[in-house]
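Fold the following.
(2 chains)
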Amino acid sequence: MFYNLALLSRNCTQLAPAFLALILIVASSGPEVVQAQSTTTQAASSDTATQRDAVVKLLKSNCFDCHGNGESEGSLQLDKLLEQTDTPESRSRWWKVLSNVRAGTMPPPDSGYVLAGDEAATVLEWLKYSAMAIDPLQPDPGRPTVRRLSRREYANSIRDLMGIDYNADVMFPPDDSGYGFDNIGDAQSLSLMILEKYLTAAKEIVDKAVPTVCKVIPRQGFKSTDFRGSSKSRNGDNMRLDKTHNVSRKFSVDEDGTYQVAIELKQHGSFQFNPQRTHLKIELDGDTLHEAEYGWDESKRNKLSFTVDWQAGEHELRFILEPLKLPAEAKVEADSYAEVDVEAVAVEGPSDRAKWKHPAGYERFFDRDEPPTEVTELREYASQTLRRFALRTFRRPADESTLNKLVDLAEQIYSQPNATFEAGIAHAMIPMLASPRFLFRTDKIDPTSAGEKYPLIDEFSLATRLSYFLWSTTPDDELLKLAEAKQLRENLDQQIKRMLNDPRSNSLAENFVGQWLRTRDVSKTSIDPLEALGLQPEYDELRAEFRGRQFRTKSPSEMPTKEEAKRLARFQELYEKRTLLDAETRSAMRRETELLFETIFRENRSLLDMINPNFTFVNEKLAALYDIPGIDGKEMQRVELPAGSPRGGILAQGTMLVVTSNPTRTSPVKRGLFVLENILGTPTPPAPPNVPALEDSAGKFGDRTPSIREVLALHRESALCSSCHSRMDPLGLALENFNALGMYRDADNGQPIDAAGQLITGEKFKNLQELKQVIAGPRRADFYRCFIQKLMIYAVGRGLEYYDEHVIDELVLAAENNDGRLKSIVHDVIMSAPFQRLRPSDSPSTLAGE
Amino acid sequence: MKQPSTNSNTLSRRNLLRGLGVALALPAFESLQRGVVRAATIESIAGTGATTASGAPLRMAFMSIPNGVQQAHWFPTKTGNDWQLNETMAPLESVKQDLQVVAGLDHENATAGPDGAGDHARANATFLTGARARKTAGSDIHVGVSVDQLAAQKVGDITRFRSLELSCDAIRNAGSCDSGYACAYQYNLAWSSPSTPVTPDANPRSVFERLFGAGKPDERRKNYALRQSTQRSILDFVLEDAANMQRELGQQDRRKLDEYLEGVRDIEQRIATADRFGQIPNPAMPTPDGVPPTLAEHIDIMYDLLTLSFQTDTTRIATLLLAYDGSNRTFPELGISEGHHHLTHNQNVDELAKKVAKIDQFYITRFARFLQKLKDTPDVDGNSLLHNCMIVYGGAIADGNRHTHSNLPVILAGNGGGKLNTGRFVEVPSQPMSNLFVTMLDHFGVAVDSFGDSNGRLNLI
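Just a heads-up that it's a prediction; the model follows:
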């Protein structure tokens, strides 16, 4: 597919012209990995010198006044940097220069220095391909990193491997995150305590999940309430002895044979004796099985057991209780009683071992009906079984010597008298779940590409990267089979499609979005609704007034007066507001964000719908908070938003608005920072070394309480503060129409809200709706870039470096050309060099001139 | 470190203690008896390491409080002998004679320097390392070995667990941590190498089970033994597996496997030397549930576990992160709806400053309860546990409003087995907090020339 260059030049004014000349050919199928092949008109060699001269001239006139000739604002001296030898460090510094120039933060907009569009483009291009020495034909995919499974990935992998749920959130400490995500190899550590937990967990999980016998006698169990009477309220629980009862249960068995029926009857009653007795009859298929009299007992269990011969098919067990007539002299104490429960019924059989069945989960681990009996054959079967489990657990085949050791471990157990084969296999599985090959993800080089400078990762590595990226779990059998057959790459498009259509891909919303937009936090962000709404003083007053007072309608003197009744109603109203952000509402907020992302995914919509969609998702409680009428029930439902609605998009969602608020009020600074860091992705300049205290700032307004806008404006009077806050504050203030609970408001503290502002790049907006249009319009490349950077970090598990710049540029370009379709972005990230390739270990990053 | 068998030493140590006329108040609590045995072990192998002059175990512990303190309410009002606790510290009255408040210490490496914003993460990382955290969001984490881990590496072998790392802050926020610092800096106090944080455990139940075994009280020993035998059977396999795997990796990415292998060897050694420590103590308390609902209960149970570990000589070295620096926790039980961090940036508005002082006092109240408990618990040499402790309580931010890092809030509790002069408010000449650590290491029998940014020893304590 060819990219539409006309579109590009219109929308990506920041991008270098030479870059626009790149013709990108993206292979959409076939065995070749997608490669961005570029035929640039500016081959890096010949024009470099002239280009460099041009750039130096531009830097001199626009930058050196602060960053040269002895000046070193922000510890940056461009003249010195130009003279420095090329090192990864110097490239990283240039990278920072590039980020600031591209974002329009340097030269500062109000400084009088301006880099015109084509000048900026010249600088950017030179920075990228000369100063940072990126080879667009062979971009450096980055050094390999070893990643430990995050606790969520661990729990998901255990679920898929072993078929049981393991609560890793409780059992393991939280993972240390880096670059905003908890799956970053370098940021994770493995302390002794965590290793001990892995060892303990391995045993617990195997004990719980892996059957240690081949066959078990089929068993059905029933409890008291499974036996029903003629009316709905009657069942086998608490059957009083002074009443007639008739409760029964039908069940069926698959095989003819001998069965055991074990019945536990529980007599129980009041502390005082009760003389009532009953005649209890148990019928099986209409025939009497047991008949006896039962009377009062405070607590007594009776166990009955019967052996029966049954045909396959349905059978019925019935309990009939008829009260016996009380003897004339019997004295019944008030409140005394006596009851019988059908505590438990177990049907076991058939007793013929040949008809026994595999225990639950058996087929997951063992593929034969029974293990063979002959010794060599048994060892061979053990080897097969463990080989298959190793492939799943280690996500690649185990070598023969490892496998032999595992088989030895199994054999040590199953060769003992009275030990089962299955117990031996289970024993060998424990160390596998504690092995670094399970706990750590490493990548290997594909043998077919071994000689290349940046070889491809092998197919097993690819399967693993794919599944943890898209599913947060271990690769399934289909991925592993394809990798084994070395056919994953050639079927990659189809596999990505399959994986994205699988419900497991919702983990992207849960784990990627959950961390990118911090939706994970909304359940625990501390917000005090009454304080945030400014109603706490009124509430305290009313509470003091009505505390301990009871209003009885029967006594006219205690009736509230009309005035009191009004205040009482107000008190109740405020009382209810305390729970505005209850667990259900918070969970609905989280789901709203996740559902938006999932919908954009499923419907292959544009990423821009994250910013400015005309629909959202609410349930009754969230709709009430958002003031959206006509929504009932707990289920989340999609609502179309009318034109002019303040809602829609992540900037107007409860999650973002709540997690960026302080417990008692909004924080425009935090919100602004959130937008800068997570939506626009523009870097903040280095913060001043000593942030001065804002002492007595309130004093400057006399007795008047200043609005938050005024306080922040005062803050920006200091040049030191202004450099950051002039960027954060307008973004945060644009969101002031939403309080700390995410509710819409027109005024704060009695003062009307002014949400207008201007981005540092010049775009003006009157309110949030206009800001959304700016982000989804002229600034959309910034948003694409920010999103793609975050997604790439999450996908490859490392922070981005200078050498990733070219790849990110290409992905941003591709997003532009695909109207930001989310599926395409995810697809392109998977196809990119950092995901597909690796820099061979021990080879240093490439330096210019190599 | 190879350890000789202990049986004969046990006797000689006991005889020695008798000979010295030390009154051995052996309580019914059998683990304390074991403490005597242990003390004997130590002397035979490690000289005076982590041991008091009377032969009892010497412990060191570090508690970190977040966000600085309201200094005007916090520091005592008068120095010298007639010093008086200020209002924040009022709850410490009953243990006033068992601690000293130290003013004048600083953590230069917690200041912004060339690194800009991120004071909280940086302070958290510097608190026990005295080192400057390299500013990275994750790729090349580097700070320094923490004082507790240094001690643990030198003399940790003398107890079943080298050290114990606890936290009362189990909840993490998603997304990035403080201003471009990797989260590891902000959530960990203990560092076993400059790049390896030692993750603390915040779950009281899992801490208890790790130390004393899972299950009902009468099953703990059995389960502990069972766990060790499982571990042993796993270790052989994974050790070789990890070594093979490491060979397949390049130099750069071996760190993870190094950590793994080191852990495996530690566990192996613990199993191998298990006999030396006799029976696993079985504390006369129910196994705690998970994380309790209130912070006060959570802190108390962590302090209780710490007391228990010291009392049973399960470890002699511990850290407890009360809350990570920058914590914005609210305290509804104190009538405080605002977040702690938010409140500390109060521009000295009196009403808000008072709320911060209330939070400061909340942490002090829990600490006072802990100290009282240590004081009420007799140690093997007849002194109190507190007497045989060196406990640092404080943080690497002094004033939470302006983020200063000099004149840090520091309480040094316990007599260090007789080496520390308690019952004082000491204002020392301005110097690095690391000097205190050097002196503590001296007392602990782990003399070092320097630590972190130390420029001497703190001999005034």
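
would A:Thr473 count as being in a helix?
No: if the criterion is DSSP: H, G, I helix; E, B strand; the rest coil, then A:Thr473 is coil and not within a helix.

Not counting sequence-adjacent ones, nearest residue to it?
A:Asn156 (3.7 Å; Cβ to Cβ, 6 or more residues apart in numbering or on different chains). All C-beta spots, glycine's among them, are computed from the backbone N, C-alpha and C.

what's near enough to touch that neighbour?
A:471-474, A:507 (Cβ atoms under 8 Å, 6 or more residues apart in numbering or on different chains).

Check the gap between it and A:Leu321 for me.
50 Å (Cβ to Cβ, to the nearest Å).

top helix in chain B by residue count?
If you go by DSSP state H, chain B has its longest helix at helix B:220-248.

For the next helix or strand after that helix, which helices and strands make contact with it?
Proceeding N to C from helix B:220-248, the next assigned helix or strand is helix B:255-272, under DSSP states H and E. Judged by 3 or more Cβ pairs under 8 Å, 6 or more residues apart in numbering or on different chains; DSSP states H and E, helix B:255-272 is in contact with helix A:192-209, helix A:436-439, strand A:440-441, helix B:220-248.

Let's see that with 10 Å instead.
Judged by 3 or more Cβ pairs under 10 Å, 6 or more residues apart in numbering or on different chains; DSSP states H and E, the packing partners of helix B:255-272 are strand A:147-148, helix A:192-209, helix A:436-439, strand A:440-441, strand B:191-193, strand B:196-197, helix B:220-248.

I'd like to check the angle between it and helix A:192-209, please.
With axes from the mean of the first three to the mean of the last three Cα atoms, to 10 degrees applied, the angle from helix B:255-272 to helix A:192-209 works out at 80 degrees.

which parts of helix B:255-272 are buried?
The neighbour-count check on helix B:255-272 (16 or more other Cβ atoms under 10 Å in any protein chain shown) flags B:255-257, B:259-264, B:266-267, B:270 as buried.

in the stretch 451-600 of chain A, which spans are helices?
A:459-470, A:477-484, A:492-501, A:507, A:514-516, A:529-532, A:536-546, A:562-577, A:583-602 (DSSP state H, counting those that start in this stretch).

State the mean pLDDT of the fifth one.
This points to helix A:514-516. What helix A:514-516 shows for mean pLDDT is 96.

helices or strands up against it?
So helix A:514-516, by 3+ Cβ pairs under 10 Å, 6+ apart, packs with helix A:583-602, helix A:780-796.

same thing but 8 Å
helix A:780-796.

show me the residues around the residue in the stretch 1-150 of chain A that chain B sits nearest to that make contact.
Using Cβ to the nearest Cβ, the single residue of the stretch 1-150 of chain A nearest to chain B is A:Val146, 4.2 Å away. By Cβ under 8 Å, 6+ apart, the contact set of A:Val146 is A:185, A:440-442, B:249, B:253, B:255-257.

rerun at 10 Å
A:185-186, A:188, A:436, A:440-443, A:797, B:245-246, B:249, B:252-257, B:260 (Cβ atoms under 10 Å, 6 or more residues apart in numbering or on different chains).

Can you give me the separation between A:Ile631 and A:Ala588?
Going from A:Ile631 to A:Ala588 by Cβ to Cβ gives 10 Å.

shared neighbours, these two?
A:618-623.

Just the ones of these in helices?
A:620-623.

Point out where the chain drops to low pLDDT.
Looking at chain A here, since you left the chain open. A:1-47, A:551-558, A:683-700, A:702, A:719-720, A:842-850 (pLDDT under 70).

hmm, I had chain B in mind actually
Residue ranges of chain B with pLDDT under 70: B:1-48, B:252.

So which residues of it form helices?
B:7-19, B:30-46, B:71-74, B:119-126, B:147-155, B:183-187, B:204-212, B:220-248, B:255-272, B:295-311, B:340-344, B:350-376, B:433-443.

in the last one, what counts as buried?
By neighbour count, with 16+ other Cβ under 10 Å as the criterion, the buried positions of helix B:433-443 are B:433-441, B:443.

Tell me which other helices or strands that helix touches.
strand B:59-64, strand B:99-106, helix B:147-155, strand B:389-394, strand B:410-413, strand B:424-432.

go on, the third one?
With contacts defined as 3+ Cβ pairs under 10 Å, 6+ apart, helix B:71-74 has these neighbours: strand B:99-106, helix B:350-376.

Quick one: closest of these to chain A.
When the helices and strands packed on helix B:71-74 are compared by Cβ to the nearest Cβ, helix B:350-376 sits nearest chain A, at 11.0 Å.

dump the residue contacts of residue 200.
Let's take chain A. Residues in contact with A:Thr200 (Cβ under 10 Å, 6+ apart) are A:171, A:434, B:206, B:209-210, B:214, B:227, B:230-231, B:234.

Wait, chain B was what I had in mind.
B:Pro200 neighbours (Cβ under 10 Å, 6+ apart): A:173, A:191, A:193, B:164-170, B:187-190, B:207, B:302, B:318-321.

residue contacts, residue 242?
All of this refers to chain A. Neighbouring residues of A:Asp242 by Cβ under 10 Å, 6+ apart: A:274, A:276-278, A:321, A:323-324, A:326, A:332, A:337-339.

The chain in question should be chain B.
A:435-437, A:439-440, B:256-258, B:260-261, B:263-264 are the contacts of B:Ala242 under Cβ under 10 Å, 6+ apart.

Residue of the stretch 201-350 of chain A closest to chain B, please.
Closest to chain B within the stretch 201-350 of chain A is A:Lys203: 4.8 Å, counting by Cβ to the nearest Cβ.

so what's that residue closest to, chain neighbours aside?
Nearest residue to A:Lys203, sequence neighbours excluded (Cβ to Cβ, 6+ apart): B:Thr230, at 4.8 Å.

same question, A:Met429
Closest residue in space to A:Met429, ignoring its immediate chain neighbours: A:Val206 at 5.0 Å, by Cβ to Cβ, 6+ apart.

Then A:Arg465?
Excluding its sequence neighbours, the residue lying closest to A:Arg465 (Cβ to Cβ, 6+ apart) is A:Phe835, at 6.4 Å.

follow-up on the earlier one: which pair of the contacts of A:Thr200 spans the longest distance?
B:Ser206 and B:Ile234 (18.7 Å; Cβ to Cβ).

follow-up on the earlier one: next step: the contacts of B:Pro200 restricted to strands.
Mapping the contacts of B:Pro200 onto strands (DSSP state E) picks out B:164-167, B:318-321.

Report the entries of those residues that also contact chain A.
B:164-165, B:167 (Cβ under 10 Å from any Cβ of the partner chain).

can you redo these as JSON lines with neighbour count?
Formatted as JSON lines, those follow (neighbours: other Cβ atoms under 10 Å in any protein chain shown):
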{"residue": "B:Leu164", "neighbour count": "29"}
{"residue": "B:Glu165", "neighbour count": "28"}
{"residue": "B:Ser167", "neighbour count": "25"}
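
if we can go back for a sec, number of nearby residues for the residue nearest to A:Met429?
A:Val206: 24 surrounding residues under other Cβ atoms under 10 Å in any protein chain shown.

For it, give its distance to A:Gln751.
64 Å.

buried set for the longest helix of chain B?
Buried residues in helix B:220-248, defined by neighbour count with 16+ other Cβ under 10 Å: B:220-221, B:223-224, B:227-228, B:230-231, B:233-235, B:237-239, B:241-242, B:245-246.

Look at the residue in the stretch 301-450 of chain B positioned nearest to chain A and say how many residues are nearby.
Nearest residue of the stretch 301-450 of chain B to chain A: B:Ser337, at 3.8 Å (Cβ to the nearest Cβ). B:Ser337 is flanked by 21 other residues according to other Cβ under 10 Å.
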